[in-house]
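Student: Below are the sequence and a predicted model; questions follow.
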Amino acid sequence: MHAQERRAEILNVLQQSHSPVNATALARQFGVSRQIIVGDVALLRASGADISATPRGYLLARESAALRRTVACQHTSAQMVEELNCIVDHGCIVEDVVVEHPLYGQLVGKLELSNRYEVSQFDRRCQEASAQPLSLLTDGVHLHNLRCPSEEAFQRVREALAQAGFLLNGEEDS
């Protein structure tokens, strides 16, 4: 299979998948190295494909009927799992985490977490890699972009986050 054909097939796999596909699985499927897949994805992005890299793999952007909402939060690193579970338990998907860095500006980490299992896997990978959350750079202050099935689900998330003390001061009133 030529590189151009492989890239078309990678795009097809991502279009058919409703969950992230990791580079190692793609490499096995196409009989190439993980680095070849990473390069293929970079070339696909350069040609206009809207492919996101999440902690669980590549995801092709799709139009969604879900509402997109943003919450501003603040908490310690130790409270990260509790905060993420508050969101997914009330029916919303955590698309990303966003912090405002004084040198680099806005930094975004793709998450795409939709249930407790995915949150626990994310936490496990953080621990295995001895990685700290982006919010550590900003004294725990960060944003989450969420996809919610309804305005009611978003309000449930806000109430749960407020009750847990995770909404940024002043955010409770908006």
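Tutor: Perfect, I can see it now.
Student: what residue ranges in this structure are flagged as low confidence?
Tutor: 63-65, 170-174 (pLDDT under 70).
Student: tell me the strands in it, going along the chain?
Tutor: 51-54, 57-60, 67-74, 93-101, 105-113, 141-148 (DSSP state E).
Student: What's the separation between the residue nearest the centre of the chain and Pro20?
Tutor: When the chain is reduced to its mean C-alpha position, the nearest residue by Cα atoms, centre = their mean turns out to be Leu111, at 1.6 Å. For Leu111, the distance to Pro20 equals 10 Å [Cβ to Cβ, to the nearest Å]. For every residue, glycine as well, the C-beta is placed using N, CA and C.
Student: who touches both of those two?
Tutor: Common contacts of Leu111 and Pro20, defined by Cβ atoms under 8 Å, 6 or more residues apart in numbering, comprise Thr54.
Student: about what we covered before: what's the residue nearest to the centre of the chain in contact with, if anything?
Tutor: Leu111 neighbours (Cβ under 8 Å, 6+ apart): 54-55, 84, 94-97, 122.
Student: Mind doing that once more with 7 Å?
Tutor: Contacts for Leu111 (Cβ atoms under 7 Å, 6 or more residues apart in numbering) come out as 54-55, 94-97, 122.
Student: For Leu11, state which of those residues is nearest.
Tutor: Looking at these and their distance to Leu11, the nearest is Thr54, at 16.8 Å (Cβ to Cβ).
Student: Identify the bridge partners of that closest one.
Tutor: Note on Thr54: beta-bridge partners Gly57, judged by DSSP bridges.
Student: Verify the stated contact: it with Lys110.
Tutor: Yes - under the criterion of Cβ atoms under 7 Å, Thr54 makes contact with Lys110 at 4.5 Å.
Student: These two: which is more packed in?
Tutor: Thr54 (20 against 17; other Cβ atoms under 10 Å).
Student: tally of neighbours for Val99?
Tutor: Neighbour count for Val99, taken as other Cβ under 10 Å: 21.
Student: mind listing what it touches?
Tutor: By Cβ under 7 Å, 6+ apart, Val99 lies in contact with 107, 134-135, 137-138, 142.
Student: Buried among those residues? Make that a ChimeraX selection.
Tutor: A single ChimeraX command selects the buried members of these (16 or more other Cβ atoms under 10 Å):
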select :134,135,137,138,142
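Student: ok, the residue nearest to the centre of the chain to Pro102 distance?
Tutor: Noted for Leu111: a distance of 23 Å to Pro102, by Cβ to Cβ.
Student: same check, this time on Asp123
Tutor: Distance of Asp123 to Pro102, given as Cβ to Cβ: 27 Å.
Student: Those two - which one has more neighbours?
Tutor: Higher neighbour count among Asp123 and Pro102: Asp123, with 15 against 7, using other Cβ under 10 Å.
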